[in-house]
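J.: Let's see this in three dimensions:
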Amino acid sequence: RVIDVLKDNLDADLLNQGGLNIHTSLKIQFQKFAIQAMYQGLIDISNRQKRPIQPLGRVSQLELAQIITRSLIQNSHDEYFLTLQVNYWKTKNFQNLFFTEKNPVYPIYALVSSVNHNEISVFLGKNKEGRVTIDENSVSLRKLSVGDIVSVIILEENSDFFHIRVVPQIKTQSAFISLDPTTFAINTYLGGIANNRGDFDRAYSAKRQLGSSFKPFVYGAGLESGALTVITPCDDIPVVITDPWTGKRWKPMNYTNTFSGTISVKRALAYSINTCAVKVLEQIGIDKVISFAQRLGISSHIPKNLTAALGTSQISLIEAVNAYSVWANQKGNFEPVSFIKSVLSSDHQEVLTIQKTSRQIFSYEVAYIINYLLQSVVESGTAQKALSLNRQSAGKTGTTNNTIDAWYIGYTPQILAGVWVGNDDNTSLGEGETGGRAALPIWIYYMKKILPYFPAVTFEPPPNIVYSQIRNLSYGHISKGNDLEGIYEPFIAGTEPK
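T.: The predicted structure follows:
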């Protein structure tokens, strides 16, 4: 992606002469955390969907002996893993068989070197052996033979060998971006996992349905227009609606195929209730939603029909995280996200500086109420797993029909991260692989690693926000507290109940 930005902004001759010094906001350690998180999440999906462990290729016992011998005479440090290239069994080019990788943070290729009734050993590199125990549940492992090429992750090291886990071949893809929402500077960027499928950038170039991660745009437009507050009621009941833009009749359903009756807007977003999102869009009109989304940087096409409320628009991850950053920075400010700070020539002359243009697109108060609603998704809705971080955060899960796409975009006041998970061929991820199950764990794994770098802070309300005590609410709510005493909810001053 860095190269693409340079091609768009620099003269070809300057690029070709080389020697450029590129200064970015990317953080190497954060990148490693994201790689670990992504692989862990995708491996978990493979295991949940019971995808078998199959050899990625095979070498003969003679070739295995040549490989091990070759590794022992190579000039390399013992602490380095010598990871096999993915296509080595095709080329049989033993001169270029290995590349060094210190402390790999992703699955590495290994060769099965011995198999007995309760243990498999694999060759990992120079003086490095990995072992995995075969138990009664290891059906796929029992089918492996000496010379098989497998994918493994390192669990821990003891004095003689590494404990490993043999993992299924990962066929599902993912994209990941994290950034500082106060500066819009990207610190982590992954367009996918490396698996010999080319360098397609799924974070920027792939446009996928956003699912319920689009609902905050609907509710945000409703809040901005004055049509909604956090306690506005919505009837979550079966209904057949005639789409005013297409004329077609349609019966929106919830993911669980159940209905909750009359609920608040807060509960509707927290539990990702489809019927309410559709009714809000119908009430305020699609034009307000499109305008709201476009001001947040969404340039992809949004269809003029009721299904837009459920995220049928095809949107890139980079668009989505850019938009969510406007809420996360708590000021309603927008500017395009970027990761290039400056580019210097070989003689240290500045040849490119990314110009930032920040503008406020809606009020602090609207941003705060949207944040509050998205916090309820974490506190008691579809993203409750994020409570394990013990940090105040907000976000939204997203799942498309037949679990083809899974999303989670979430943030604290200092860091925002977005995850997309899906298959390149648009097939299903598998039963139950929702945004909360397939994407959210990747986000949590990453955030657990990086949050120690940041002090704990909370979302602070601007002066024009008032909290009103709500008593005797006649419909369901999700706030904590004693119903007899009432609950406190935030309102933009002037919109609170009288």
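J.: Give me the sheet partners of the helix or strand harbouring residue 469 and which way each runs.
T.: Using DSSP states H and E, residue 469 maps to strand 465-470. Applying DSSP bridges, strand 465-470 is found paired with strand 487-492 (antiparallel).
J.: Pull out the buried residues from the strand it pairs with.
T.: Neighbour-count burial for strand 487-492, counted by 16 or more other CB atoms under 10 Å, picks out 487, 489, 490, 491, 492. Yep, even glycine has a C-beta here, placed from its N, CA and C like the rest.
J.: Quick one: the residues you listed as JSON lines, columns for pLDDT and distance to residue 241 too.
T.: What follows is these, written out as JSON lines (pLDDT from 0 to 100; distance: CB to CB, whole Å):
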{"residue": "487", "pLDDT": "83", "distance to residue 241": "31"}
{"residue": "489", "pLDDT": "93", "distance to residue 241": "28"}
{"residue": "490", "pLDDT": "95", "distance to residue 241": "30"}
{"residue": "491", "pLDDT": "95", "distance to residue 241": "29"}
{"residue": "492", "pLDDT": "94", "distance to residue 241": "29"}
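J.: Would you format these as CSV with distance to residue 200 included?
T.: Compiled in CSV, the buried residues of strand 487-492 are given as follows (distance: CB to CB, whole Å):
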residue, distance to residue 200
487, 48
489, 45
490, 43
491, 46
492, 43
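J.: which of those residues lies closest to residue 392?
T.: Lowest distance from residue 392 to the buried residues of strand 487-492 (CB to CB) belongs to residue 490, with 14.3 Å.
J.: ok, that closest one to residue 107 distance?
T.: The gap separating residue 490 from residue 107 is 45 Å, by CB to CB, to the nearest Å.
J.: same deal with residue 403?
T.: Residue 403 is 24 Å from residue 107, by CB to CB.
J.: pLDDT (mean, whole number) over stretch 271-290?
T.: Average pLDDT, stretch 271-290: 96.
J.: One more: stretch 232-240?
T.: Here stretch 232-240 scores 93 as its mean pLDDT.
J.: Show me what counts as buried in that stretch.
T.: Burial within stretch 232-240, assessed by neighbour count using 16+ other CB under 10 Å, is assigned to 232, 233, 234, 236.
J.: and residue 292, what is it in contact with?
T.: 217, 220, 221, 224 (CB atoms under 8 Å, 6 or more residues apart in numbering).
J.: what's the closest non-adjacent residue to it?
T.: Nearest residue to residue 292, sequence neighbours excluded (CB to CB, 6 or more residues apart in numbering): residue 221, at 3.9 Å.
J.: Surely that neighbour is in contact with residue 287?
T.: No - Residue 221 lies out of contact with residue 287 (CB atoms under 8 Å); the separation is 9.4 Å.
J.: which of these two has more neighbours?
T.: Neighbour totals were compared for residue 221 and residue 287, and residue 221 leads with 26 against 11 (other CB atoms under 10 Å).
J.: residues in contact with the more buried one?
T.: 284, 288, 289, 291, 292, 293.
J.: Only alpha carbons, please: show the longest helix belonging to the chain as CSV.
T.: Determined from DSSP state H, the single longest helix within the chain is helix 28-48. Only the C-alpha atoms of helix 28-48 are listed here, as CSV (Å, rounded to 0.1, in the frame of the first residue of the first chain):
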residue,chain,number,x,y,z
ILE,A,28,6.7,-2.6,13.9
GLN,A,29,5.7,-4.1,17.3
PHE,A,30,2.1,-3.3,16.7
GLN,A,31,2.3,-5.0,13.3
LYS,A,32,3.6,-8.1,14.9
PHE,A,33,0.8,-8.1,17.4
ALA,A,34,-1.7,-7.8,14.6
ILE,A,35,-0.2,-10.7,12.7
GLN,A,36,-0.3,-12.9,15.7
ALA,A,37,-3.9,-11.9,16.4
MET,A,38,-5.0,-12.5,12.8
TYR,A,39,-3.4,-15.9,12.6
GLN,A,40,-4.7,-17.0,16.0
GLY,A,41,-8.3,-15.9,14.9
LEU,A,42,-8.1,-17.7,11.6
ILE,A,43,-6.7,-20.8,13.1
ASP,A,44,-9.5,-20.8,15.7
ILE,A,45,-12.1,-20.6,12.8
SER,A,46,-10.5,-23.5,11.1
ASN,A,47,-10.6,-25.6,14.3
ARG,A,48,-14.2,-24.6,15.0
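J.: Counting by contacts, list what whichever helix or strand comes after that helix packs against.
T.: Moving toward the C-terminus from helix 28-48, the next helix or strand (DSSP H and E) is strand 57-58. In terms of contacts (3 or more CB pairs under 8 Å, 6 or more residues apart in numbering; DSSP states H and E), strand 57-58 is packed against helix 88-91, strand 148-157.
J.: One more pass at 10 Å, please.
T.: In terms of contacts (3 or more CB pairs under 10 Å, 6 or more residues apart in numbering; DSSP states H and E), strand 57-58 is packed against helix 88-91, strand 108-115, strand 148-157.
J.: Looking at those, which one is packed in the most?
T.: Each of the helices and strands packed on strand 57-58 was scored by mean neighbour count; the highest is strand 108-115, a mean of 21, by mean count of other CB atoms under 10 Å.
J.: Geometric centre of the protein: which residue is closest?
T.: In the chain, the centroid-proximal residue (CA atoms, centre = their mean) is residue 419; its distance is 0.8 Å.
J.: what sits against that residue?
T.: 34, 37-38, 41, 174-178, 190, 317, 321, 398, 406-410, 435, 438-446 (CB atoms under 10 Å, 6 or more residues apart in numbering).
J.: No more questions from me, cheers.
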